[in-house]
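Colleague: pasting the structure only:
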């Protein structure tokens, strides 16, 4: 190893350069190299001083870098722009942003070249190749050493893992992978001979048809009928399963197993089962924090082991390939022993998996269990979809997990627990039902929503009527409005949810129009669509009328304050709010959106017109607090010299006087 302190001393013992040397004129050279062999800390060391040709040609003959090279190590000491120095471990070819730094360097003299090649004992290699080859070999050796150290840590980490359960392969074959009944097509499908792929037995079945499921009389496995003529030469099935094993009282490992069943020219599959990844789930006994360490397997990729630390790289950020997929079927036979004595001793992962019988992410479920105390209770009482919402990361949690009774955890009445369990609600449906607490007919209402797939906008409607009347009215309206077309030919109300949303919107509009919502004629119009459109139109007219009144009031208060005319130009006030919109359209700028600001008193917009054509848009002026903010013309262009002269006079004679008076 190089001694940095000793090397630094030789950095300042650099050889001199002649600023008038011919190499100073070589534009293809960026750095000039001087060499010497020194004994540094009892090591024979090659020192390369690198000078910037550009600086040297201007008289600065100090080196900007020095490379120290021995047989098994190298370092570079470089000057920063602020005059300080820094040690760099980059190879000679990577000392600059240039792709190949060495191609931009040249020896100062023949003696430097000779000293360089004498150190490497190289006669046939040109340029800096001996140095580059040695540094590449050193870096390769360093990478190998680092990889070996990492792999030794991985081997140590894996040493505590026990063998896979003995019954795993049989469970995969029986419960995870599909079985087939391969047969030669026979018209009628009575007493058809074939082979069961699950057990390899020759059997006869009746009622055989492509895709029909049967039971093998030998192994009792459910098999799918498939004629050999439709079996592809590349037919295969693949799946993922997970095995949870105990490491210690606070740590588990989830082992990801990949399975391939391929049917080439045989009725029985070629089976390939291998371990793909491992996830260590550790819970800190003091802080309670949970951590996951992940490892993945890559064939023939390591020196001591083929296991790598981290998540398996995906083929695409948008697509999770089969090899990187972590969710899978769960092997449950060993779980009572594996979880005993750990924080997951009472984790209901077995019951949850057996209910859905579909792939899950075991590491995530184990973590969610520790952060949700009510999860075990919810699984045991049959609320699986609520647990699935928690498992899938539902953030709007409406559970009271400090409680121990089912109805208190769910935030509903005790008599509603059995009813709600029958619908197996998810978290969204539970939150809706929580809003119905105390309502009569709440069960009928939820059943109606589930049947009509209308989960939104119902609660605001119930502020004005009972659930029974709301359901009766909406059913009656949907009976004929579902056939109503838009002007473009499409359905206006494809689903009941569309009608519910429109009804809520109609009631909101009526409230804004100050209609009497206790009046049944208003609350239950005969034709909801026509009543909604008519009310929406009236609301728009009401809003537009208010805007026009407020806009006119603003300009009535400032009438005459900003009047000015000179040099054929004049200040003009907008009469109505539509004048602002037309101004923006005419001059192609955004003043049309300023109406609200004007009404709120945030600004005043004035028009600059030419006296010869007062109706034609010319320039727009914005004022805030009697101070000029901007003057914009066509396409937001700035003022011309003539306009600037007018604005300067107007500002001095009008705006400044208003500010002084204020």
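Modeller: Now that the structure is in, tell me what you want to look at. Quick caveat: nothing in here was measured; it's all calculated off a predicted structure. Numbers count the residues shown, from 1 in each chain.
Colleague: From now on I want contacts and neighbour counts done on CA atoms only, so please keep to that.
Modeller: OK.
Colleague: in this protein, which ranges drop under the pLDDT threshold?
Modeller: The model of the chain has pLDDT under 70 over residues 98-99, 188-189, 315-319, 395, 662.
Colleague: How about residue 265: what's its closest non-neighbour residue?
Modeller: Computed as CA to CA, 6 or more residues apart in numbering, the closest residue to residue 265 that is not its neighbour in sequence is residue 233, at 6.6 Å.
Colleague: How about the secondary structure of the one you found?
Modeller: Secondary structure state of residue 233, per DSSP: H, G, I helix; E, B strand; the rest coil, is coil.
Colleague: was I right about it contacting residue 262?
Modeller: No: applying CA atoms under 8 Å as the test, residue 233 and residue 262 come out as separate, 9.1 Å apart.
Colleague: more neighbours, these two?
Modeller: With other CA atoms under 10 Å as the criterion, residue 233 and residue 262 differ in neighbour count, and residue 262 comes out ahead with 19 against 11.
Colleague: Wasn't that one part of a strand?
Modeller: Yes: secondary structure of residue 262 (three-state DSSP): part of a strand.
Colleague: Can you name the residues that contact it?
Modeller: Contacts were defined as CA atoms under 8 Å, 6 or more residues apart in numbering; by that measure residue 262 touches 234, 235, 236, 237, 269, 270, 271.
Colleague: Out of those, which sit inside strands?
Modeller: Among those, the subset assigned to strands under DSSP state E consists of 235, 236, 237, 270, 271.
Colleague: between those, which is nearest residue 171?
Modeller: Taking CA to CA as the measure, residue 171 lies nearest residue 271 of the ones in strands among the contacts of residue 262, at 13.7 Å.
Colleague: Run through the bridge partners of that closest one.
Modeller: residue 261 (DSSP bridges).
Colleague: Now do the contacts for the nearest residue to residue 636 once chain neighbours are set aside.
Modeller: Here the nearest residue to residue 636 in space, its sequence neighbours aside, is residue 589; by CA to CA, 6+ apart that works out to 5.8 Å. Under the criterion of CA under 8 Å, 6+ apart, the contact list for residue 589 reads 634, 635, 636.
Colleague: Tell me if I'm right that the last one and residue 588 touch.
Modeller: To tie it back to what came earlier, the one meant is residue 636. Yes: in this structure, residue 636 is within contact of residue 588 by CA under 8 Å, at 7.3 Å.
Colleague: Excluding chain neighbours, what is closest to residue 284?
Modeller: Counting by CA to CA, 6+ apart, the residue nearest residue 284 is residue 290, at 6.4 Å.
Colleague: check contacts around the nearest residue to residue 100 once chain neighbours are set aside.
Modeller: Leaving out its chain neighbours, the residue that sits closest to residue 100 by CA to CA, 6+ apart is residue 93, at 5.3 Å. Residue 93 makes contact with 99, 100, 101, 102, 132 under the criterion CA under 8 Å, 6+ apart.
Colleague: Take those residues and write them to CSV, including distance to residue 645 and neighbour count.
Modeller: What follows is the contacts of residue 93, written out as CSV (distance: CA to CA, whole Å; neighbours: other CA atoms under 10 Å):
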residue, distance to residue 645, neighbour count
99, 58, 11
100, 61, 13
101, 60, 16
102, 63, 21
132, 70, 15
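Colleague: where do the strands sit along the stretch 101-250 of the chain?
Modeller: Remark: strands of the stretch 101-250 of the chain, listed N- to C-terminal, are 105-107, 179-183, 192-196, 202-205, 213-215, 222-227, 235-248; assignment by DSSP state E, counting those that start in this stretch.
Colleague: circling back: show me the beta-bridge partners of the residue nearest to residue 284.
Modeller: residue 283.
Colleague: can I assume it is in contact with residue 252?
Modeller: No: the pair residue 290 and residue 252 does not pass the contact test of CA under 8 Å, sitting 11.2 Å apart.
Colleague: Can you report phi and psi for residue 482?
Modeller: In this entry, residue 482 is assigned phi and psi values of phi -70, psi -20 (degrees, to the nearest 10).
Colleague: Just give me the neighbour total for it.
Modeller: 16.
Colleague: That one touches residue 497, doesn't it?
Modeller: No: contact criterion CA under 8 Å: residue 482 and residue 497 do not qualify, at 11.3 Å.
Colleague: on that earlier part again, OK, contacts around the residue nearest to residue 284?
Modeller: 281, 282, 283, 284, 367.
Colleague: do that again at 10 Å, thanks
Modeller: Residue 290 makes contact with 250, 251, 281, 282, 283, 284, 366, 367, 370, 371 under the criterion CA atoms under 10 Å, 6 or more residues apart in numbering.
Colleague: Residue 428 is nearest to which of the strands of the stretch 101-250 of the chain?
Modeller: Nearest of the strands of the stretch 101-250 of the chain (CA to CA): strand 235-248, 29.6 Å.
Colleague: Can you tell me the strand partners of that closest one and which way each runs?
Modeller: strand 251-263 (antiparallel), strand 329-331 (parallel).
Colleague: Next one: the closest residue to residue 513 other than its chain neighbours relative to residue 73, how far apart?
Modeller: Leaving aside its chain neighbours, residue 513 sits nearest to residue 539 (6.5 Å; criterion: CA to CA, 6+ apart). For residue 539, the distance to residue 73 (CA to CA, to the nearest Å) stands at 82 Å.
Colleague: got it, and residue 266?
Modeller: Separation of residue 266 from residue 73 (CA to CA): 59 Å.
Colleague: neighbour count winner among those two?
Modeller: With neighbours defined as other CA under 10 Å, residue 266 and residue 73 compare such that residue 73 has more, 16 against 12.
Colleague: Please tell me how far the closest residue to the more buried one other than its chain neighbours sits from residue 29.
Modeller: Residue nearest to residue 73 in three dimensions, not counting chain neighbours: residue 1, with 6.1 Å by CA to CA, 6+ apart. If you measure residue 1 against residue 29 using CA to CA, the figure is 32 Å.
Colleague: can you check residue 137 too?
Modeller: When CA to CA is the yardstick, residue 137 and residue 29 sit 27 Å from each other.
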